[in-house]
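> Sequence unavailable; structure follows:
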DNA sequence: ATTCTAGATGTTATATTATAACATAACATT
DNA sequence: AATGTTATGTTATAATATAACATCTAGAAT
């Protein structure tokens, strides 16, 4: 069963990001309700901060912003929230950047494939069956059983390439 | 031009690793000679420490070992050597582990695809044109121009799977 | 409604990973 | 030997992440 989803496409800088943010929070609430877990104020706030944009966000940048409204915040505050959000598929860690991005498709827990623009830092996410299938095929050749995968591709998005001309 | 190489296959735990180590050092010397750069004693020592095994090695573990023979060693000693070795394609960083593995194919600088066993930590490396090509194809669909890629797959190698029965 | 409890947060400390900045040494060319 | 370049030494600190234990609180069980 090999789904081929564009979880989060590149969007023009001009897109109405309020809608992305709002949708992500609604999806998160629905997911947590459905699963019977708590999207506490801290967790929701961290998720909102991550969704400020489509760029990966660093843990200590989240912390700085959290502190502005909640002075009791400390590194564990952020890392705990991040752990929760990652476990629930609401956030992915970009390993090559030590940074975190929101995921708009929490229901179905997965490890996506990420395309990250060097210029604007936008992260697009796929959950692509064809890629997974090819990796499976390669692994199978030497008897390797996959259980986790990280695919992070960097380069230049269409919009930024246009600007360079 | 799409090469399909197995840079570093899984090998049985029983393989004669001395040969891997020796070959890697010879290849490194040849490469540096050919390019006209210096594989200094520190750099060579770091490379040897990384090639102690096929497992990814952490920077501070390298540092601890370096110190045993060279007490002046400090973090920059290691990170500089690692930077040199990475630039020359002699070492890759595994981003998801913050650890480093040797590469036996320095001539042709590339970013490989890594398969990492959870049990024995062995890292196998491919430089696979088919994978690269598929990622290119996916990227092209939304006008993305790739210039760097990270593919790190975790799971269980054949040998370790056999042991679990 | 009260008690209980698991889960969430607060707090302090520290581990781990990596780089900045400047001083000195080694080496290669003239 | 004088010079410029590359490599190393040294000190300090930045950036990322976790351990350990105390306290609180929302919601379940009674």
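Received, thanks. Please read all numbers here as calculations on a predicted model, not as lab measurements.

> who touches the helix or strand encompassing residue A:18?
Using DSSP states H and E, the secondary-structure element containing residue A:18 is helix A:17-35. The contact list for helix A:17-35 (CB atoms under 8 Å, 6 or more residues apart in numbering or on different chains) reads A:11, A:38-39, A:44, A:47-48, A:51-54, A:88-90, A:102, A:104-107. Every C-beta, even on glycine, is put in place using the N, C-alpha and C of the backbone.

> Please compute how far the top strand by length along chain A lies from its chain's middle.
Of all segments of type strand in chain A, defined using DSSP state E, the longest is strand A:145-156. What separates the centre of strand A:145-156 from the centre of its chain is 13 Å, taken as CA atoms, centre = their mean, to the nearest Å.

> That strand vs strand B:145-156, what angle?
Interaxial angle, strand A:145-156 versus strand B:145-156 (axes from the mean of the first three to the mean of the last three CA atoms, to 10 degrees): 170 degrees.

> Output the contacting helices and strands for strand A:145-156.
With contacts defined as 3 or more CB pairs under 8 Å, 6 or more residues apart in numbering or on different chains; DSSP states H and E, strand A:145-156 has these neighbours: strand A:113-117, helix A:129-141, helix B:129-141, strand B:145-156.

> Buried residues in the worst-scoring helix or strand of chain A on mean pLDDT, which are they?
None of the helices or strands of chain A scores lower by mean pLDDT, DSSP states H and E than helix A:158-164, at a mean of 88. Buried residues in helix A:158-164, counted by 16 or more other CB atoms under 10 Å in any protein chain shown: A:159-160.

> still on that earlier bit, now the angle from the longest strand of chain A to strand B:113-117?
Using the same axes, to 10 degrees, the inter-axis angle of strand A:145-156 relative to strand B:113-117 is 150 degrees.

> Can you list the buried residues in strand A:145-156?
For strand A:145-156, the neighbour count (16+ other CB under 10 Å) marks A:146, A:149-156 as buried.

> Kindly report the same for stretch A:27-34.
Across stretch A:27-34, burial judged by 16+ other CB under 10 Å covers A:27-28, A:31-32.

> Now that we have those residues, can you turn them into CSV and tack on pLDDT?
Output for those, formatted as CSV (pLDDT from 0 to 100):
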residue, pLDDT
A:27, 96
A:28, 97
A:31, 95
A:32, 96
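
> For chain A, which residues score under the pLDDT cut-off?
For chain A, the stretches flagged by pLDDT under 70 are A:1-2, A:165.

> ok, which residues in it are in contact with chain B?
A:9-10, A:95-96, A:113, A:115, A:117-118, A:124, A:126, A:128, A:130-131, A:134-135, A:138-139, A:142-158, A:161 (CB under 8 Å from any CB of the partner chain).

> and the gap between residue A:84 and DNA strand C?
According to CB to the nearest atom of the strand, to the nearest Å, residue A:84 and DNA strand C sit 7 Å apart.

> follow-up on the earlier one: among the helices and strands packed on strand A:145-156, which is nearest residue B:72?
Closest approach to residue B:72 among the helices and strands packed on strand A:145-156 is made by strand B:145-156 (33.6 Å; CB to CB).

> Do the closest one and DNA strand D come into contact?
No - between strand B:145-156 and DNA strand D, judged by CB under 7 Å from any atom of the strand, nothing touches; the nearest distance is 14.7 Å.

> So which of the contacts of helix A:17-35 would count as near DNA strand C as well?
When contact is defined as CB under 7 Å from any atom of the strand, the contacts of helix A:17-35 meet DNA strand C at residue A:38.

> which residues touch residue A:7?
Contacts of residue A:7 by CB under 8 Å, 6+ apart are A:103-105, A:112, A:125-127.

> how near is it to DNA strand D?
Per CB to the nearest atom of the strand, residue A:7 is found 22 Å from DNA strand D.

> Bridged to the nearest residue to that residue once chain neighbours are set aside, which residues?
The shortest distance from residue A:7 to any residue other than its chain neighbours is 4.1 Å, reached at residue A:125 (CB to CB, 6 or more residues apart in numbering or on different chains). Residue A:125 has these beta-bridge partners by DSSP bridges: residue A:8, residue A:114.
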